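In: Build me a model:
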Amino acid sequence: MNLNTEREKVLLVDGMALMFRAYYASAVTGYIRRTKAGLPTNAVYGFMRYFWDAVQKFDPTHIVCCWDLGGKTFRAEQFAAYKGNRSEAPDDLIPQFAVIQEVMESLNIPNISCPGYEADDCIGSLASRFSKEMDVYILTGDHDMLQLVNERTRVIIMKKGHGNYMVYSPESLMEEKQLIPRQIIDLKGLMGDTSDNYPGVKGIGEKTALKLVQEFGSIEGILANMDSLSKSVRTKIENDLDMLHLSRSLAEIRCDLDVVCTADGCRLNLDPITVISKFEELEMASMSTWMGLAAN
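Out: Here you go, the predicted model:
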């Protein structure tokens, strides 16, 4: 057995979460960083600050960055209103999407996406696969990802400001929320998700949903004990059974996609000259210095 593999870890980056966080954190000031040619780069700059801080803190041997693709996903096929409340991306952000991916390529980090699925599903599938051979760390701001936590997989939730993280293991998830990872899906099935625009059971909020899941263990457990529920809660569930099951289905991250990405293909292996050249092209040479890169 190769003892080195026990120390290897892959960082799975939720590119969408970092990009939006980076854009809005600086756009709120009213100043958008741009190149002399007018290309907005505030999200690129902010993304790299968040991303590289996490790389330094968690010290992965492998990195993959996962993205949504445009177009319809299987969740929107199941529920037409899924994410229907999302506004269009700001004009200044749209061109930066491709630029951030180019920066990742310059770092030799694969950009992964899957038609018909979301970045979450790519992350879930890669976490499932890579956890068989190394430790997995998922970098995101999305609490839905907590369903992926297990003995070999940690979810790093980015908190406000740079360098602030909450790292979830099965133990810390139980300590904070009194839930096991799988129950995150049941919780979302009951309470819905306003940011993803699916309703769950009408009239059941987070507090009630949490109490029900903690008491009965799962949606199946709740449905098997309907007589134990208050008349009000029982009626709400009975009136919305179809939406309960649909919402739980929408909340569940797929972990079985055949995502094309090998461990060898995502081993961290920077070529400083390529990276420095990319940042000079984007007129942010200070980023190379901040990352500690030198051309020689």
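
In: What score does the nearest residue to residue 196 once chain neighbours are set aside have for pLDDT?
Out: The shortest distance from residue 196 to any residue other than its chain neighbours is 5.6 Å, reached at residue 83 (CB to CB, 6 or more residues apart in numbering). The way it works is simple: take the backbone N, C-alpha and C, and place the C-beta from them, glycine included. Looking at residue 83, its pLDDT is 89.

In: Helices along the stretch 1-150 of the chain, start to end?
Out: 15-27, 42-58, 74-78, 94-106, 119-130 (DSSP state H, counting those that start in this stretch).

In: And those: which comes nearest residue 194?
Out: Closest to residue 194 of these is helix 74-78 (CB to CB; 15.3 Å).

In: Now do the buried residues in that closest one.
Out: Neighbour-count burial for helix 74-78 flags residue 75 (criterion: 16 or more other CB atoms under 10 Å).

In: got it, and stretch 216-228?
Out: Buried, per 16+ other CB under 10 Å, within stretch 216-228: 216, 217, 218, 219, 222.

In: Let's see it as PDB, backbone CA atoms only.
Out: Taking Å, rounded to 0.1, in the frame of the first residue of the first chain, the C-alpha atoms of stretch 216-228 are listed here in PDB:
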ATOM      1  CA  PHE A 216     -39.100  10.700  12.900                       C
ATOM      2  CA  GLY A 217     -35.800  10.300  11.100                       C
ATOM      3  CA  SER A 218     -37.000  10.700   7.500                       C
ATOM      4  CA  ILE A 219     -39.900  11.600   5.300                       C
ATOM      5  CA  GLU A 220     -40.800   7.900   5.300                       C
ATOM      6  CA  GLY A 221     -40.800   7.900   9.100                       C
ATOM      7  CA  ILE A 222     -43.000  11.000   9.200                       C
ATOM      8  CA  LEU A 223     -45.500   9.400   6.700                       C
ATOM      9  CA  ALA A 224     -45.600   6.200   8.800                       C
ATOM     10  CA  ASN A 225     -46.500   8.200  11.900                       C
ATOM     11  CA  MET A 226     -49.100  10.700  10.600                       C
ATOM     12  CA  ASP A 227     -51.400   9.800  13.500                       C
ATOM     13  CA  SER A 228     -48.700  11.200  15.900                       C
END
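
In: most packed of the helices of the stretch 1-150 of the chain?
Out: helix 119-130 (a mean of 24; mean count of other CB atoms under 10 Å).

In: Run the angle between it and helix 15-27 for me.
Out: 130 degrees (axes from the mean of the first three to the mean of the last three CA atoms, to 10 degrees).

In: and helix 119-130, average pLDDT?
Out: Rounded mean pLDDT across helix 119-130 is 98.

In: Over to stretch 214-224?
Out: Stretch 214-224 comes out at a mean pLDDT of 97.

In: Show residues contacting it.
Out: Identification of contacts with stretch 214-224 by CB atoms under 8 Å, 6 or more residues apart in numbering yields 178-179, 182-183, 186, 189-190, 212-213, 225, 229, 237, 244-245, 248.

In: ends of that stretch, how far apart?
Out: With CA to CA, to the nearest Å as the measure, stretch 214-224 spans 15 Å from end to end.

In: who's in contact with residue 252?
Out: 147, 185.

In: Please report how far it lies from residue 151.
Out: Going from residue 252 to residue 151 by CB to CB, to the nearest Å gives 20 Å.

In: again with residue 245
Out: Taken as CB to CB, the span from residue 245 to residue 151 is 29 Å.

In: Comparing the two, which residue is more hemmed in?
Out: Taking other CB atoms under 10 Å, residue 245 and residue 151 do not tie; residue 245 has more neighbours (13 against 10).

In: Make sure the more buried one is actually in contact with residue 189.
Out: Yes - counting by CB atoms under 8 Å, residue 245 sits close enough to residue 189 to count as a contact (7.3 Å).

In: could you show me where the strands are in the stretch 151-296 of the chain, in order?
Out: 153-158, 165-168 (DSSP state E, counting those that start in this stretch).

In: roughly how far is the first one from the heart of the chain?
Out: Spelled out, it's strand 153-158. Relative to the mean C-alpha coordinate of its chain, strand 153-158 is positioned 9 Å out (CA atoms, centre = their mean, to the nearest Å).

In: what angle separates it from helix 42-58?
Out: Counting by the same axes, to 10 degrees, strand 153-158 lies at 130 degrees to helix 42-58.

In: Run through the neighbouring helices and strands of strand 153-158.
Out: helix 15-27, helix 42-58, strand 135-140, strand 165-168 (3 or more CB pairs under 8 Å, 6 or more residues apart in numbering; DSSP states H and E).

In: export these to TSV and tack on mean pLDDT and distance to residue 127?
Out: Below are the helices and strands packed on strand 153-158 laid out as TSV (pLDDT from 0 to 100; distance: least, CB to CB, whole Å):
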stretch	mean pLDDT	distance to residue 127
helix 15-27	94	15
helix 42-58	96	15
strand 135-140	98	5
strand 165-168	96	13
